[in-house]
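Novice: I'll drop the sequence and a predicted model, then ask my questions.
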Amino acid sequence: MKKFVFDLDGTITKIETLPLLAGELGLKEEMKLLTDLTLSGKIPFANSFKLRYLVLRNIPLKKIQDVMASVELDEEIAAFIKEHKKNCAVVTGNLDCWIEPLTAKLGCESFSSTSELDENNVPVLKKILDKGEAVRELKKTCDKVIAVGESFNDVPMFEESDVAIAYGGVHKPVSTAISISNYVVFDGGALCRLLKML
Amino acid sequence: MSVVKNVVIAAAGTGTRLGMGKPKCLIKVNGKSILEYQLELLKDVENVFLIVGFCEEEVMDFAGELRKDIIFVRNANFSRTKTLGSFYLAAKIIDGSAIFMDGDMIIKPQAFDEFLTTAAQSNAGEFLIAVSERISDDPVYCKVVPAGDKLTIHGFSYEEKTAYEWANVVFMPADKMSGGNTHTFEHLKKFLPAEAKIIDRLEIDTPEDLAYAEKFLQSENWF
């Protein structure tokens, strides 16, 4: 079986979602700074995500999910995923309960960082996803994995995949991701046409 | 809408003979890059594949501004492969036929449109090989004979001079393209005879070619 795996933030979504969420706390710029440093690989994803989680966990989960539900998706990619649900997966470092409204909309399987809700309905971070590990897991049942992403934490996912596509629909893919990709596209329509050829 | 659905442009090379330290497709001729001249010919083509290698990010940044939906195919091994190897990287994912062309020339639009039309009318599996009557410094001659109102190409040669040279543009089934490190025309020999079509184009290989092209385009009414 063939599997198309997509990064979420800045690939399927038209914006990075964590700075958007931080806006609820008046910390959008601070969160954006941290996110930009992480995307470019200047700070390790796991450390940065833990920090960002600790800030954002102060927002009520219901509020987070409402904001997430309103996030704009790349129309063409979302349509492709909905059309090929069984062959698609979201692979994101983002937190399972935060992205739930988005994965529900897309209807495909997802691999993400995991959490458990405490008695106050606050998520407690359990495990930060290693994207390379997610692809290795998928490879057990799929003979071809095609990965789409753009940032530094997509690099392990690219390395484990059979085909890697650096996608610059929202912002230019980081050079490291480009340097280990097979294809580079900047347009959702072109990406979907390419995916259908693979 | 053109019915030629796929065009592959090879633009991974270093362009050492021109010696300008940047990929040839970015070189400006009379204020416009070679790539821009080429993309203008392909407005109606659905899938444009641009093979990148040397200075790939510079090429992608520039090309992406000209046309957003280009599919960039990376040839990470560009310093050790020839154009044929670059073409193959795109060909292996294309279903049906495609035009394969070098990214280092300016083609007369009218001639290219006629090539597109002829290619679109050809039957599945057929080849259409572009030849030029404008002979370059380092030509690969083509043995071309008339066949009714068409032309047929029977061979390529460095030695046997003819009035035509290989123009580095071919329309062919993508699954007949191959990897390997020979020249594209050497590979095409396996599929001869095939239909030939004359196009006019200016190849930009050397500083002299560039100077000539600038002067030529100022006096000729190609655009």
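Specialist: Now that the structure is in, tell me what you want to look at.
Novice: What score does B:Ser2 have for pLDDT?
Specialist: Looking at B:Ser2, its pLDDT reads 54.
Novice: And for the one 10 residues further on?
Specialist: The pLDDT attached to B:Ala12 in the predicted structure is 92.
Novice: How about it: what's its closest non-neighbour residue?
Specialist: The spatial neighbour of B:Ala12 that comes closest, neighbours along the chain excluded (C-beta to C-beta, 6 or more residues apart in numbering or on different chains), is B:Gly53 at 3.0 Å. Just so you know, the C-beta spots here come from the backbone N, C-alpha and C atoms, and that holds for glycine as well.
Novice: wait, doesn't the one you found sit right on B:Thr83?
Specialist: No - checked against C-beta atoms under 8 Å, the pair B:Gly53 and B:Thr83 is beyond contact range at 10.9 Å.
Novice: what touches both of those two?
Specialist: Common contacts of B:Gly53 and B:Thr83 (C-beta atoms under 8 Å, 6 or more residues apart in numbering or on different chains): B:Gly13.
Novice: so is residue 146 in a helix, a strand, or just coil?
Specialist: I went with chain A, as the question did not name one. Assigned by DSSP: H, G, I helix; E, B strand; the rest coil, the conformation of A:Ile146 is strand.
Novice: Sorry, I should have been clearer: chain B.
Specialist: Reduced to three states with three-state DSSP, the structure at B:Pro146 is strand.
Novice: can you count the residues close to it?
Specialist: For B:Pro146, the neighbour count with other C-beta atoms under 10 Å in any protein chain shown is 9.
Novice: Repeat that for B:Ala163.
Specialist: So B:Ala163, with other C-beta under 10 Å, has 11 neighbours.
Novice: Please apply the same query to B:Val145.
Specialist: 11.
Novice: for B:Glu114, same thing?
Specialist: Neighbour number of B:Glu114 under other C-beta under 10 Å is 14.
Novice: quick check, it in a strand?
Specialist: No - per three-state DSSP, B:Glu114 lies outside any strand segment and is helix.
Novice: so it touches B:Lys197, yeah?
Specialist: Yes - B:Glu114 lies in contact with B:Lys197 (C-beta under 8 Å); the separation is 7.2 Å.
Novice: follow-up on the earlier one: for the residue nearest to B:Ala12, give me its contacts.
Specialist: By C-beta under 8 Å, 6+ apart, the contact set of B:Gly53 is B:11-13, B:74-79, B:86.
Novice: Please report phi then psi for it.
Specialist: phi -150, psi -90 (degrees, to the nearest 10).
Novice: that older thread, are any of the contacts of B:Gly53 buried, and which?
Specialist: In those, burial by neighbour count holds for B:11-13, B:74-75, B:78, B:86, counting by 16 or more other C-beta atoms under 10 Å in any protein chain shown.
Novice: Now go through the residues you listed and say which are in helices.
Specialist: B:Ser86 (DSSP state H).
Novice: Tell me which two of the buried ones among the contacts of B:Gly53 sit farthest apart.
Specialist: Using C-beta to C-beta, the buried ones among the contacts of B:Gly53 span at most 13.7 Å, a distance reached by B:Gly13 and B:Arg74.
Novice: Tell me where the chain has helices.
Specialist: All of this is about chain A. Under DSSP H, chain A gives helices at A:17-22, A:28-39, A:45-56, A:61-69, A:75-83, A:96-106, A:131-139, A:155-160, A:175-179, A:188-197.
Novice: nope, chain B
Specialist: Listed in chain order, the helices found in chain B under DSSP H are B:34-41, B:56-66, B:83-91, B:109-121, B:184-188, B:207-219.
Novice: Which residue is the nearest non-sequential neighbour of A:Met68?
Specialist: A:Pro101 (4.7 Å).
Novice: The one you found: neighbour count?
Specialist: Residues near A:Pro101, counting by other C-beta under 10 Å: 16.
Novice: What separation do you get for it and B:Ala213?
Specialist: 56 Å (C-beta to C-beta, to the nearest Å).
Novice: what does chain B have sitting close to chain A?
Specialist: B:46-47, B:52, B:56-57, B:60-61, B:64, B:68-74, B:76, B:93-95 (C-beta under 8 Å from any C-beta of the partner chain).
Novice: Alright, I will stop here.
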